[in-house]
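Asks: sequence and predicted structure are below.
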Amino acid sequence: MLCRSVVALLALLIGIAFAADRVAVPEFPARAGVPIDLAERFSEALRSELIEAGVGVAAAPLITPGIAGSLEVEFARLIAELEGVRYALSGEVVARPGTPGAPFAVNVLIVDHVQGRSSDVLSSPLAVATLPRVAADVAASVLRFVDAAPELPGGDAALFVSTEPRAAEVRIDGVPVGVSGVLDVISLQPGRYELEVRLDGYLPEVRTVDLRSRDTRFVHVVLTEVSGGSIRVTSLPNALVYLDGAYVGMSPVTLTSLPGDRSVLVERPGFEGASFSVGVRNFRVHRIDAVLTPLSPTMLVWPVDAPGSVIVGGVLRRDGYASVEVGLVSIERIRDGAVHRVLRAVPARGVYRLDLDTLEIAPLAH
């Protein structure tokens, strides 16, 4: 372990890119509700796409599912170190209950072990039929990340950055230059630079530093610890959202949460509710895209919290929806003493959105 750490340290200090043309792609684990062979097929399809693009791929057969599916920067860097490559992926295939057309999703994190760069967690809807296309899209994202390895112009001004705690990502003018604790003195042209320090679980720190010719600037950054991530919830149609049993608003909504396993319920009168379990991580945005199943074959929907009254087919409707039949339907909107009455034609079965300003109806778009 000591020898491998020394090799990794030297690579970071002098910019040796290990096997710069290779990317480690381990076997992504299948989470609960996902067929194991689907995750295996996706991992293999992703490797094939990268190979066809001219990228050397390390299959990383010894990487355990726990590390391969961690979606944590530190573990992805460990994959790169163990495989002796510059770039590495960690990822998982998860189930998305109640999502027609794309019942699964693949989440992928990309890291550059040499420059200390990492991507956001990339999430793509997935179905058996779309597997080749999704693999090609993820491969394209990997290629863009690999091709976007920028460099700063060297010079006779020097900067040394230390942080508390160590192992923070250091960026200069947006360019990742390494990880504190193993990052050596950085040689740059004299001038003003924006220094940014990031570490999961801590607030990012941004400072302006002025560097002079033939001088070394020492900067020590003490990071502030934070705890929490966020959950972005969208639904079709808009619905009530509950986090751990507490109402938090109408979708679309972004929720802040402490780290840990959280339950999200998305429900709306006239539709089946959808429940989700989310593992919240620090500084991660988790996305839920719910498509609710109607309880009636033909419906009109409108905002549940809309002011005034809506009467459909002669019946006052209070819950933002009405079950109707195909054909002509009478609709009334009463607001501030004004009454607007129309007849609308429902052409076929399905869910239709009712515009409360014009009382026009249109299919609920996916």
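Replies: Alright, I've got the coordinates.

Asks: ok, the residue nearest to Leu328 when sequence neighbours are not counted to Ile334 distance?
Replies: Once flanking residues are discounted, Leu328 sits nearest to Leu343: 5.2 Å by Cβ to Cβ, 6 or more residues apart in numbering. For every residue, glycine as well, the C-beta is placed using N, CA and C. Here the distance between Leu343 and Ile334 works out to 17 Å (Cβ to Cβ, to the nearest Å).

Asks: the more surrounded of those two?
Replies: Ile334 (14 against 9; other Cβ atoms under 10 Å).

Asks: for this protein, give me the ranges with low pLDDT.
Replies: For the chain, applying pLDDT under 70 flags the ranges 1-21, 149-150, 227, 283, 366.

Asks: which residues of the stretch 1-150 of the chain fall in helices?
Replies: Using DSSP state H, counting those that start in this stretch, the helices of the stretch 1-150 of the chain run over 2-14, 36-52, 65-68, 73-83, 131-147.

Asks: distance from the helix or strand where Asp289 lies to the middle of the chain?
Replies: Secondary structure from DSSP states H and E places Asp289 in strand 285-291. Remark: strand 285-291 is offset 9 Å from the chain centroid, using Cα atoms, centre = their mean, to the nearest Å.

Asks: next SSE downstream of it?
Replies: strand 298-301.

Asks: still on that earlier bit, now do the strand holding Asp289: which elements does it pack against?
Replies: strand 229-236, strand 260-267, strand 274-280 (3 or more Cβ pairs under 8 Å, 6 or more residues apart in numbering; DSSP states H and E).

Asks: what lines up beside that strand in the sheet?
Replies: Strand 285-291 sits in its sheet next to strand 229-236 (parallel), going by DSSP bridges.

Asks: now the strand it pairs with against strand 274-280, angle please.
Replies: Here strand 229-236 points in a direction 160 degrees away from that of strand 274-280 (axes from the mean of the first three to the mean of the last three Cα atoms, to 10 degrees).

Asks: contact partners of strand 229-236?
Replies: Residues from elsewhere that reach strand 229-236 (Cβ atoms under 8 Å, 6 or more residues apart in numbering): 241, 243, 251-257, 259, 262, 264, 266, 268, 274, 278, 280-292, 364-366.

Asks: residues in contact with the closest residue to Leu89 other than its chain neighbours?
Replies: Ranked by Cβ to Cβ, 6+ apart and with sequence neighbours excluded, the top spatial neighbour of Leu89 is Val25, at 5.2 Å. Neighbouring residues of Val25 by Cβ under 8 Å, 6+ apart: 43, 46-47, 50, 57-60, 89.
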